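Asker: Structure, please.
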Amino acid sequence: MLTLVRGRADRLRNLMRGLARQTVPPRELVIAWMQPDRAPDLPDPGCPVRHLHVPGEPMPLAAARNRAVAAAAGDVLVFLDVDCIPGPTLVAAYAEAAAAERGLFLGEVLYLPPQAIPDGTEPEPAALDRLGRAHPARPPVPVAGLRREPDAGQLWGLSFALPAEAWHAVGGMDEAYAGYGGEETDLAARLAQSGLPTFWVAGARAYHQHHPVHVPPLQHFDAILANATRFRARHGRWCMTYWLDQFRAAGLIDWDADAPAIRRLRPPSAPEIAAALRPDALFS
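Answerer: Have a look, this model is predicted:
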């Protein structure tokens with residue numbers, strides 16, 4: 001199990017408590033700290049913990065994942081976002097999937113509303129099941145076993161697993177993607193090009209702990225434009241088109257899906273960025 005952390009120590013503690021409840025414990029937890037110091041008072045996740053520090057600005061998301069993989073000892077890599085609490089069968093479901101097929105495995109993520117987990121309480125999976133909502137843009141997971149997914153771009157970094165050898169075969173994540181956006185879709189595209197199939201996995205449920213989101217993510221405007229441009233140069237198509245559409249609608253860029261480049265018209269203003277913040281929205 002691998003996770004990246006900057007801040008969000010309360011979220012990490014809930015993730016670790018969720019690991020302690022697994023029907024099959026992970027071999028280890030690797031925490032890549034994108035900050036100078038570890039958080040104090042971490043709970044026992046029921047497995048050994050490896051800590052490493054990955055400095056960088058903006059947040060070195062691709063580099064942190066690569067360093068975490070380099071530190072990991074297992075043959076199967078399970079990535080879980082620090083905002084996510086693993087359901088009790090998540091590790092077992094990914095392990096069963098990896099034993100049955102060689103593939104990129106995607107698990108279900110339910111999004112929790114604000115205050116779903118009161119401070120100081122132990123998250124109960126049954127309560128999280130009642131409160132969690134599936135993302136409207138995601139297909140339903142199978143009731144049992146695996147279902148082949150033809151679009152590797154369904155990979156979102158909240159929860160996924162794959163063989164370590166498949167990660168190394170494509171060179172891991174491209175660290176030239178700076179800041180927010182694109183690096184996961186690029187990885188998925190390169191894995192698909194290598195012949196690795198993608199599957200949805202039953203039973204690998206996680207719960208996304210709420211945080212405010214920007215709709216659209218104007219605070220990442222520059223990074224999204226740069227990373228989308230890098231993705232198109234490599235793969236001949238655009239990624240993050242839903243955000244590019246929103247930027248175009250706001251009059252920030254001149255772009256369409258057939259355009260060879262993005263023409264930047266103006267940056268978002270501070271008031272526009274502030275107005276895009278949605279404290280209660282579950283999905284970005």
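Asker: use CA for all of it now, contacts and neighbours both
Answerer: Noted.
Asker: residues contacting Ala228?
Answerer: Under the criterion of CA atoms under 8 Å, 6 or more residues apart in numbering, the contact list for Ala228 reads 181-182, 238-240.
Asker: Equivalent analysis for Ala261, please.
Answerer: The neighbours of Ala261, taking CA under 8 Å, 6+ apart as the test, are 229, 255.
Asker: Return the distance of it relative to Met34.
Answerer: From Ala261 across to Met34, the span is 32 Å (CA to CA, to the nearest Å).
Asker: Near the nearest residue to Glu183 once chain neighbours are set aside, how many other residues are there?
Answerer: What sits nearest to Glu183 in space, not counting adjacent residues and going by CA to CA, 6 or more residues apart in numbering, is Tyr177, at 5.8 Å. Residues lying near Tyr177 (other CA atoms under 10 Å) number 23.
Asker: Just to be sure, Tyr177 is in a helix?
Answerer: No: note on Tyr177: no helix contains this position according to DSSP: H, G, I helix; E, B strand; the rest coil, which reports coil.
Asker: any weak-confidence spans in this protein?
Answerer: Counting by pLDDT under 70, the ranges of the chain that qualify are 120.
Asker: So which of the contacts of Ala228 wins on neighbours?
Answerer: Sorting the contacts of Ala228 by how many neighbours each has (other CA under 10 Å) puts Gly182 first, at 24 neighbours.
Asker: tell me the domain ranges of this structure?
Answerer: When the chain is parsed with automatic domain parsing, its domains come out as 2-211, 214-278.
Asker: Which other helices and strands does the host helix or strand of Ala68 contact?
Answerer: Ala68 is part of helix 61-71 when elements are defined by DSSP states H and E. Contacts defined by 3 or more CA pairs under 8 Å, 6 or more residues apart in numbering; DSSP states H and E place helix 61-71 against strand 2-5, strand 29-33.
Asker: And the residue nearest the centre of this protein?
Answerer: In the chain, the centroid-proximal residue (CA atoms, centre = their mean) is Gly157; its distance is 2.0 Å.
Asker: Give me the nearest residue to it, chain neighbours excluded.
Answerer: Leaving aside its sequence neighbours, Gly157 sits nearest to Glu184 (CA to CA, 6+ apart; 6.4 Å).
Asker: For that neighbour, which three-state class applies?
Answerer: Strictly by three-state DSSP, Glu184 counts as helix.
Asker: close enough to count as contact, it and Ser159?
Answerer: No: with contact defined as CA atoms under 8 Å, Glu184 does not reach Ser159; the gap is 11.4 Å.
Asker: The domains of the chain into a markdown table, with extra columns for distance to Ser284?
Answerer: Compiled in a markdown table, the domains of the chain are given as follows (distance: least, CA to CA, whole Å):
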| stretch | distance to Ser284 |
| --- | --- |
| domain 2-211 | 10 |
| domain 214-278 | 5 |
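Asker: just to revisit the earlier point, and the residue nearest to the centre of the chain, how far from Gly182?
Answerer: With distances taken as CA to CA, Gly157 is found 10 Å from Gly182.
Asker: Report the strands that pair with the longest strand anywhere in the chain, each with its relative direction.
Answerer: Determined from DSSP state E, the single longest strand within the chain is strand 198-208. Strand 198-208 sits in its sheet next to strand 84-86 (antiparallel), strand 104-111 (parallel), strand 146-149 (antiparallel), going by DSSP bridges.
Asker: name the helices or strands packed onto whatever helix or strand comes next after it?
Answerer: The C-terminal neighbour of strand 198-208 among helices and strands, as given by DSSP H and E, is strand 213-214. For strand 213-214, the helices and strands in contact under the criterion 3+ CA pairs under 8 Å, 6+ apart are strand 277-278.
Asker: all helices for the stretch 101-250 of the chain, in order.
Answerer: Under the criterion DSSP state H, counting those that start in this stretch, the stretch 101-250 of the chain carries helices at the ranges 125-131, 164-169, 183-193, 221-235, 241-249.
Asker: Indicate which one of the ones you listed is closest to Ala137.
Answerer: Distances from Ala137 to each of the helices of the stretch 101-250 of the chain were compared by CA to CA, and the smallest falls on helix 241-249, at 11.2 Å.
Asker: mind listing what the helix or strand just after the closest one pairs with, with the direction of each?
Answerer: Using DSSP H and E, the helix or strand that follows helix 241-249 in sequence is strand 253-254. Next to strand 253-254 in the sheet, as set by DSSP bridges, lie strand 263-264 (antiparallel).
Asker: Ranking the domains of the chain by mean neighbour count, which comes first?
Answerer: domain 2-211 (a mean of 18; mean count of other CA atoms under 10 Å).
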